[in-house]
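Chemist: fold the following and give me the result.
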Amino acid sequence: MSEEEIAASARPVMFTLGPGDTISMSVWRQESFGLSEARVDTSGCISHPVFGLIRVQGMAPEKLRETMMERCRKYLREPHVSITLETMQSQKVIVLGQVMTPQVVQLSRPITVMEAISTAGGFTDDARTSYLMLLRRGADKRSRVYRIDMVDILAQAKLDKNVYLRPGDVLFVPSTLESNFDEFWEHLGTMTNALRGVETVITLYPDTKDVLQTGEISGGASTVIAQ
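Modeler: Here you go, the predicted structure:
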């Protein structure tokens, strides 16, 4: 990763709402305006008894609180609104390869690469810990593959490089560069039902294969590799 990307990933990413998440809403002394464990549907909306369908996908809880306060002001004077995030199902990362328990990790809070590896049971004896691969889709909609050197992080105490993962990240621990793509895809294929948005990675299959196997990109690919 570049120094700028490391600096950006050194800070936790603000969580936003998505399908499957549940929230509760309370308005002081106005129970009819409240919500109890409202679930965000597949279209990214919740149903409110007064305001009807409200699109909340991509909103941080604080932003939703501000939005609901504005709506309530049409009916109430100085409403006091609070939003509680009850469960978070939309925020996931996936950990594959040479870990004890490859899995989809549901995020209830921001976690680092080291924490994700620990959640997956730690490294196997065959793990190439100096060459972890982090697949991440950027704001420009391009998918990038970053190398993360855990040996460097742990041995040299470079904890600033123990970056926070973002929802949708795929963290892969290879054994050897020659075989890692087949291993990666085998693990990924077993988890497609559990990982929302995995079609993003599947769409990039040809370019991702080139990067993971050779470190090179062919044919105007939308995938790049960085360290």
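Chemist: when you work out contacts or count neighbours from here on, use the C-alpha atoms and nothing else.
Modeler: Noted.
Chemist: could I get the contacting residues of the residue nearest the centre of the chain?
Modeler: What sits nearest the mean C-alpha location of the chain, by CA atoms, centre = their mean, is residue 167, with 0.8 Å. Counting by CA atoms under 8 Å, 6 or more residues apart in numbering, residue 167 touches 91, 92, 93, 107.
Chemist: try it again with 10 Å
Modeler: Taking CA atoms under 10 Å, 6 or more residues apart in numbering, we find residue 167 in contact with 13, 15-16, 90-94, 105-107, 110, 136-137.
Chemist: ok, residue 136 next?
Modeler: Contacts for residue 136 (CA under 10 Å, 6+ apart) come out as 142-146, 165-171, 201, 223.
Chemist: closest one to residue 35 out of the contacts of residue 167, please.
Modeler: Nearest to residue 35 out of the contacts of residue 167 is residue 16 (CA to CA; 18.4 Å).
Chemist: pretty sure that closest one is touching residue 40, no?
Modeler: No - the pair residue 16 / residue 40 is not scored as a contact, 11.6 Å apart, by CA atoms under 10 Å.
Chemist: so what sits against both of those two?
Modeler: 56, 57, 88, 90.
Chemist: by neighbour count, which of these wins?
Modeler: Highest neighbour count within the shared contacts of residue 16 and residue 40, by other CA atoms under 10 Å: residue 90, with 24 neighbours.
Chemist: pretty sure that residue sits against residue 104.
Modeler: No - counting by CA under 10 Å, residue 104 is not a contact partner of residue 90; they are 11.5 Å apart.
Chemist: now do the phi/psi pair for residue 135.
Modeler: For residue 135, the backbone dihedrals (degrees, to the nearest 10) come out as phi -90, psi 130.
Chemist: can you pull the contacts of the nearest residue to residue 27 once chain neighbours are set aside?
Modeler: Of all residues not flanking residue 27 in the chain, residue 81 sits nearest, at 4.6 Å (CA to CA, 6 or more residues apart in numbering). By CA under 10 Å, 6+ apart, the contact set of residue 81 is 25-28, 30, 33-34, 64-70, 72.
Chemist: return the per-residue confidence for residue 81.
Modeler: At residue 81, the model reports a pLDDT of 96.
Chemist: next: residue 213.
Modeler: We have a pLDDT of 50 for residue 213.
Chemist: before we move on, the earlier item: name the pair among the shared contacts of residue 16 and residue 40 with the greatest separation in space.
Modeler: Maximum pairwise distance in the shared contacts of residue 16 and residue 40, criterion CA to CA, is 13.4 Å, between 56 and 88.
Chemist: all strands of the protein, in order?
Modeler: 22-27, 35-39, 45-48, 52-55, 81-87, 92-97, 103-106, 132-137, 143-148, 170-173, 223-226 (DSSP state E).
Chemist: now the ones you listed in JSON lines, with distance to residue 121?
Modeler: Below are the strands of the chain laid out as JSON lines (distance: least, CA to CA, whole Å):
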{"stretch": "strand 22-27", "distance to residue 121": "28"}
{"stretch": "strand 35-39", "distance to residue 121": "31"}
{"stretch": "strand 45-48", "distance to residue 121": "35"}
{"stretch": "strand 52-55", "distance to residue 121": "37"}
{"stretch": "strand 81-87", "distance to residue 121": "24"}
{"stretch": "strand 92-97", "distance to residue 121": "10"}
{"stretch": "strand 103-106", "distance to residue 121": "10"}
{"stretch": "strand 132-137", "distance to residue 121": "16"}
{"stretch": "strand 143-148", "distance to residue 121": "18"}
{"stretch": "strand 170-173", "distance to residue 121": "13"}
{"stretch": "strand 223-226", "distance to residue 121": "27"}
